[in-house]
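Asks: Mind looking at a prediction? Sequence and model below.
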Amino acid sequence: MAQKVVVGMSGGVDSSVAAYLLKEQGYDVIGVTMQIWQNDKERLIEENAGCCGLSAVDDARSVAQMLDIPYYVLNFREEFRACVIKPFVEEYLHARTPNPCILCNRYVKWEALLRRSMELGADYIATGHYARIKQLANGRYVIQNSVTAEKDQTYALYGLTQEQLSHTLMPVGDYTKQEIREIAAELGLDVASKPDSQDICFVPDNDYAAVVEREAAGKLPPVGNFVLADGTILGQHKGIIHYTIGQRKGLNLAMGYPVFVTEIRPDTNEVVIGSNQDVFTDSLRCEHLNFMAVEDIDEPVEVMAKIRYSHAGALCTMKKNQIGQIECRFREPVRAVTPGQAVVFYQNDYVFGGGTIIR
C-alpha cells in the first residue's frame, strides 16, 4: 500500500510540481491549501496575497484536477492569528523586528498541518520549499541546502522539530527553479510561469506599520525622540514601530551626513541615531533556540551564521552562556544585527540550528 502524503499547495509552481513529483514517486498524494485569511472583507488583493490569496485556491484546485489527486481547503485562520499575526504585532510594539514566515512555518505550515494530516492517516506532509532533508550519522534530521544557492529557503525553516522533519518531504530541493518551471510547462500547468510572491502574505505593499497600527489600536507607543547614543535629542520620531536597525530612509533628519538607526529603546521610547560604522558589531546574543544537528551544545562551536534571510553568512564561534542563551562572536563585524530577527547557524551545507536575536 502506497504511503500517503499531504502536499501544502499554495497555487504556485513549486508546490504544484512537488505534488507531481511525489505522485510520480508512487506516493498517495492529497493536495491541501491552507486558508489563513482572517475574514471575507480582508481577503488580500491577489497581486500581493501570495500563498493566502483567492487565486491560490483556484490555481491549486486546477492543478490538483490535472494531476488527478484529491484536493481540500482547510481552515487555519485561528492558528494563523494566534501563532503569527499576534506575535508579529507584539514584537513590533516591543521594538523588535520579527520574521513572521518563521513562525508560520513552525506553528502553522508544519505543526498545525502535520497534526491535521496525521488525523487523516497521512504518513508525511510535503511543501514546495527549495531545501532538502538529511539524516545525519547521529540519527538527527537537518534541513540541507537545496541544489541551487540562488533559490535557497533553509533560513526560514530552522525552527522545525525532529518530529516534524521525520514526517516531511521536500522534493523540489533537488531541482533548480528553471527546472521546476520546465517540468510545469511540459505538464501544461497554467502556473508554469506564475511569478513568485514577494511580500509577506498579510502585509500588503510591505507596509508593516499599517498592520501593527490596525491590530494594536489603543496600544501604540506614542511619538518620541531621535537621540544620539549619549542622549542628545535630535528631533521627534513617528513612533518606534516605524523603525528598524540599520534603517536610513524615512528619518527626515538633516545631519549633513548619512545617518542610520543604531538602536531602539522601548523603555524610553527613543530611536538612537548614528553613522554607518555604528551599525556594525562583532557579537550577538540569541534565545528561543532550536538545534537540528545536535540535541544541545556544551562547548564552543564554529559555524556560519546568517543574521537575516538576505545575509550571505559570516563565520562565528557560538557558545552557551550561564542562562542558556547563545552568544556569538564573529571573525569580522557584521552589519545591522536586529533584535527579533532570526540568526541561523550552518555547518557544511545544512542547518545546525538557530534562535531569535535579542541583542
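Replies: Yep, it's here. Numbers count the residues shown, from 1 in each chain.

Asks: Going by neighbour count, list what's buried in the helix of greatest length in the chain.
Replies: Ranked by residue count under DSSP state H, the longest helix found in the chain is helix 54-67. By 16 or more other CB atoms under 10 Å, the buried positions in helix 54-67 come out as 55-57, 59-64, 67. To be clear about C-beta, it is placed using only N, CA and C from the backbone, and glycine gets the same treatment.

Asks: out of the residues you listed, which one sits closest to residue 353?
Replies: Minimum distance to residue 353 across the buried residues of helix 54-67 is 31.4 Å, recorded for residue 56 (CB to CB).

Asks: Let me know the closest of the buried residues of helix 54-67 to residue 8.
Replies: residue 60 (9.3 Å).

Asks: and residue 228, how far is that from residue 207?
Replies: Using CB to CB, to the nearest Å, we find residue 228 at a distance of 29 Å from residue 207.

Asks: Any buried residues in stretch 309-320, and which?
Replies: If you call a residue buried by 16+ other CB under 10 Å, then stretch 309-320 has these buried ones: 311, 314, 316, 318, 320.

Asks: next one: that stretch to chain centre, how far?
Replies: Here stretch 309-320 is found 17 Å from its chain centre; the criterion is CA atoms, centre = their mean, to the nearest Å.

Asks: In a markdown table: the buried residues of stretch 309-320, plus pLDDT, secondary structure and distance to residue 291.
Replies: Formatted as a markdown table, the buried residues of stretch 309-320 follow (pLDDT from 0 to 100; DSSP: H, G, I helix; E, B strand; the rest coil; distance: CB to CB, whole Å):
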| residue | pLDDT | secondary structure | distance to residue 291 |
| --- | --- | --- | --- |
| 311 | 93 | coil | 20 |
| 314 | 97 | strand | 20 |
| 316 | 97 | strand | 16 |
| 318 | 97 | strand | 11 |
| 320 | 95 | strand | 11 |
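
Asks: Parallel or antiparallel, list what pairs with the biggest strand by length in the chain.
Replies: Secondary structure of the chain per DSSP state E: the longest strand is strand 280-291. Sheet pairing of strand 280-291 (DSSP bridges) gives strand 326-335 (antiparallel), strand 350-357 (antiparallel).

Asks: tell me how far the last one is from the chain's mean position?
Replies: In this view, strand 350-357 has its centroid 12 Å away from the chain centroid, taken as CA atoms, centre = their mean.

Asks: returning to what we had before: from the buried residues of stretch 309-320, which single one is nearest residue 7?
Replies: residue 311 (30.0 Å).

Asks: From residue 105, how far out is that closest one?
Replies: On the measure of CB to CB, residue 311 and residue 105 end up 18 Å apart.

Asks: swap in residue 86?
Replies: On the measure of CB to CB, residue 86 and residue 105 end up 17 Å apart.

Asks: More neighbours: the two, which one.
Replies: Applying other CB atoms under 10 Å to residue 86 and residue 105 shows that residue 105 carries more neighbours, namely 22 against 14.

Asks: Can you read off the pLDDT for the more buried one?
Replies: If you check residue 105, the pLDDT there is 92.

Asks: did I read that right, it in a helix?
Replies: Yes: read with DSSP: H, G, I helix; E, B strand; the rest coil, residue 105 is one of the residues of a helix.

Asks: Would you confirm that it contacts residue 155?
Replies: No: the criterion here is CB atoms under 8 Å, and residue 105 misses it with residue 155 at 10.3 Å.

Asks: list the contacts for the residue nearest to residue 71 when sequence neighbours are not counted?
Replies: If the residues on either side of it in the chain are set aside, residue 71 comes closest to residue 64, at 3.5 Å by CB to CB, 6 or more residues apart in numbering. When contacts are counted by CB atoms under 8 Å, 6 or more residues apart in numbering, residue 64 touches 9, 19, 31, 70-71.

Asks: returning to that earlier point: can I get the buried residues of stretch 309-320 in TSV including distance to residue 358?
Replies: Formatted as TSV, these follow (distance: CB to CB, whole Å):
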residue	distance to residue 358
311	17
314	18
316	16
318	14
320	14
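
Asks: Check those and tell me the two furthest apart.
Replies: Farthest pair in the buried residues of stretch 309-320 (CB to CB) is 311 and 320. Separation: 22.4 Å.

Asks: before we move on, the earlier item: which parts of the longest strand of the chain are buried?
Replies: Taking 16+ other CB under 10 Å as the criterion, strand 280-291 shows 280-281, 284-286, 289-291 as buried.

Asks: wait, isn't residue 188 in contact with residue 66?
Replies: Yes: using CB under 8 Å, residue 188 is in contact with residue 66, at 7.3 Å.

Asks: distance of the nearest residue to residue 257 once chain neighbours are set aside from residue 223?
Replies: In this structure, residue 257 finds its nearest non-sequential neighbour in residue 275, 7.1 Å apart by CB to CB, 6+ apart. Residue 275 is 24 Å from residue 223, where distance means CB to CB.

Asks: ok, now residue 37?
Replies: Using CB to CB, residue 37 is found at 32 Å from residue 223.

Asks: So the two - more neighbours on which side?
Replies: Taking neighbours as other CB under 10 Å, residue 37 and residue 223 compare with residue 37 leading, 18 against 12.
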